[in-house]
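S.K.: just a sequence and a predicted model for now, questions to come.
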Amino acid sequence: MKKATPSVRQVMKTKHPVCLSLIKRVEIHSELLVLIKQSLPEVLAENCNGCCLNRSTLILYSRSATWISQLRFYQPTILETLKLKTPQYAISEILFRVQVTSVGLATQQTKRQPHVPSSQTIDEIAKSARYVTDTQLRSSLESLVQTLRDKAK
């Protein structure tokens, strides 16, 4: 009989060293995020979604590149605040990243059908191609017409 996989709560009760280490990191990141949000205007603070400390580099996450461009103006302020209030972490650099919400969702949304022109439009391109004197352009237009006719089928 297969042994049941322990739940997260069961592992937490055992005070496993790996779990304790992860919990400590989450607490540090939460503490830093609170300090960062306190040093920012309310509008920007609402758009700071999270942070991650890796050695002396802090990575700050936001919903979009637009908010990140605004947050970059406050980088010196954030860095100064963190150096004063949390010297034990020795943060020397802040990087900004856009938070990816769902990988699967992005691939589903980009899948769309190509727009194929009407047969009349394709015929007009073919007629125009006959009167073009540049051989390379004529060849390209004829190739385009053939591709469009194949797609229209």
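M.R.: Yep, that arrived. Numbering: from 1, shown residues only.
S.K.: please count neighbours and contacts with C-alpha atoms only from this point.
M.R.: OK.
S.K.: using the three-state scheme, assign the spatially most central residue of the chain.
M.R.: What sits nearest the mean C-alpha location of the chain, by CA atoms, centre = their mean, is Val100, with 3.8 Å. Here Val100 is recorded as coil under DSSP: H, G, I helix; E, B strand; the rest coil.
S.K.: which residue packs closest to it, ignoring adjacent ones?
M.R.: Ranked by CA to CA, 6 or more residues apart in numbering and with sequence neighbours excluded, the top spatial neighbour of Val100 is Arg63, at 7.9 Å.
S.K.: report the separation between the residue nearest to the centre of the chain and Ser64.
M.R.: Plainly put, Val100 is 9 Å away from Ser64 if you go by CA to CA, to the nearest Å.
S.K.: any chance you could map the helices in the protein?
M.R.: Using DSSP state H, the helices found in the chain span residues 8-13, 17-38, 42-46, 65-73, 75-85, 103-110, 119-130, 135-152.
S.K.: could you list the low-pLDDT ranges of this protein?
M.R.: 1-4, 6-14, 101-112 (pLDDT under 70).
S.K.: what do you get if the cut-off is 80, keeping everything else the same?
M.R.: Within the chain, the stretches with pLDDT under 80 are 1-20, 100-114, 153.
S.K.: contacting residues around the nearest residue to Thr57 once chain neighbours are set aside?
M.R.: Once flanking residues are discounted, Thr57 sits nearest to Glu93: 4.8 Å by CA to CA, 6+ apart. The contact partners of Glu93, taken as CA atoms under 8 Å, 6 or more residues apart in numbering, are Ser56, Thr57, Leu58, Leu79.
S.K.: equivalent analysis for Ala126, please.
M.R.: Contacts of Ala126 by CA under 8 Å, 6+ apart are Leu141, Glu142, Val145.
S.K.: hmm, what's the outermost residue in the chain?
M.R.: Distance from the C-alpha centroid of the chain, by CA atoms, centre = their mean, peaks at Tyr131 (48.0 Å).
S.K.: so how far is Tyr74 from that one?
M.R.: Taken as CA to CA, the span from Tyr131 to Tyr74 is 60 Å.
S.K.: and what of Ile125?
M.R.: 54 Å.
S.K.: check Thr147 too.
M.R.: Distance of Thr147 to Tyr74, given as CA to CA: 52 Å.
S.K.: okay, those two: which has more neighbours?
M.R.: Tyr74 (17 against 13; other CA atoms under 10 Å).
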